[in-house]
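Trainee: Please find the sequence and the predicted model below.
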Amino acid sequence: MRSIIASKLTGAYRGFVYSALFSLLGLLIESLFFIYYGGIMLLTDIVHWAVDTLVEVFGLIVLYYAVRFGRRFPWSILVLESAAMLLSIIMALGVYIFFFTSFITSDLAMGEPTTRSPIPALATIIGGLLTGLTLVIQVKNYRLYGLEVLRVDYTHALIDLMAAFSATIGILLVYATRSQSLELLFTLITTMFIIHSLLEILRDIVKTITGSNIDYELSNRLLKKLVNELKGVYVEDTIARKIGSFYIVEARIGVDPYEKLVAIHKLRNRIVNTVINESDLIYHVDVKFYPLKTKNRRRK
């Protein structure tokens, strides 16, 4: 079982290597085009690439530790992932708000769009092709390994493909019409894609901080599984919380107060093995035992 889990995580890691490299390449290509041609739409798309690249890199780092150390990798890595994501959000928003404010206050007053060439559309087309490759690779990996983190990544790639298409159309239309209104419109559309990415990250971080990061579907599935497999054991509840890319599971088990310690230790191992076999992304299982007042309370 361990080898199967390791194989899945290794496959997911390879997928994220491609995803992160394509994202970084797209960011570099658009940045080079921006240096030569400028334009607020291209800059907005660059910020979108920057956010996505950070997401891919952090996901890659955590999967690297999961592959390298299995479920024994440092807990601090998961905390670092959330903290680094939060810091990245603040930095990305700060930089973009600065440039967007400059665009509103000065560039719009000039009466001319900042997109003065159709060539930047080539950068967004290349970015779309890279995103399409990411989508194909991660869909294939998800079908092979079935990890939720891969499904999330290819769904995000699909949204990014729509963003690349929108940016390309926007650049071409603005160049053809010389319309500031269209430039502002498509800039705001691309900004919405940035906000979507940031809100997804921020939502997970806020849930983690507030303790509302419970995956109820996984929690209920684990509860039913434990009840069915551990006959004669009172399983009060199971709670699965998502921390970063992985899950922490807490199981509350009622036991006879006169039960031997050796038996409780064996029961704990059975519970841990049952839980981690349910999902390859369950990082840690915390089994909490408490004494039952009467044996009649045991769930059959």
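Mentor: Sure, I can see it.
Trainee: And for V55, the neighbour number?
Mentor: By other Cβ atoms under 10 Å, 22 other residues sit near V55. Just so you know, the C-beta spots here come from the backbone N, C-alpha and C atoms, and that holds for glycine as well.
Trainee: Mind checking what secondary structure it has?
Mentor: Following DSSP: H, G, I helix; E, B strand; the rest coil, V55 is assigned to helix.
Trainee: repeat for the one 5 residues further on
Mentor: What three-state DSSP gives for L60 is helix.
Trainee: show me the contacts for it.
Mentor: 13, 16-17, 19-20 (Cβ atoms under 8 Å, 6 or more residues apart in numbering).
Trainee: one more time with 6 Å
Mentor: Neighbour list for L60: 16, 20 [criterion: Cβ atoms under 6 Å, 6 or more residues apart in numbering].
Trainee: gap between it and F22?
Mentor: Note on L60: its distance to F22, by Cβ to Cβ, to the nearest Å, is 12 Å.
Trainee: Same question for K231.
Mentor: Distance, K231 to F22, by Cβ to Cβ: 50 Å.
Trainee: now do D52
Mentor: In this structure, D52 and F22 are 10 Å apart, going by Cβ to Cβ.
Trainee: which non-adjacent residue is nearest G59?
Mentor: Of all residues not flanking G59 in the chain, F16 sits nearest, at 5.5 Å (Cβ to Cβ, 6 or more residues apart in numbering).
Trainee: actually L144, sorry about that
Mentor: Per Cβ to Cβ, 6+ apart, closest to L144 is G11, 6.1 Å.
Trainee: give me the number of residues near the one you found?
Mentor: 18.
Trainee: rewinding a little: compare neighbour counts for K231 and F22 and give me the winner.
Mentor: Each of K231 and F22 has its neighbours counted (other Cβ under 10 Å); F22 has more, 22 against 9.
Trainee: residue ranges of the helices in the chain, please?
Mentor: Counting by DSSP state H, the chain has helices at residues 2-37, 40-69, 75-102, 120-145, 148-177, 180-210, 216-229, 261-276.
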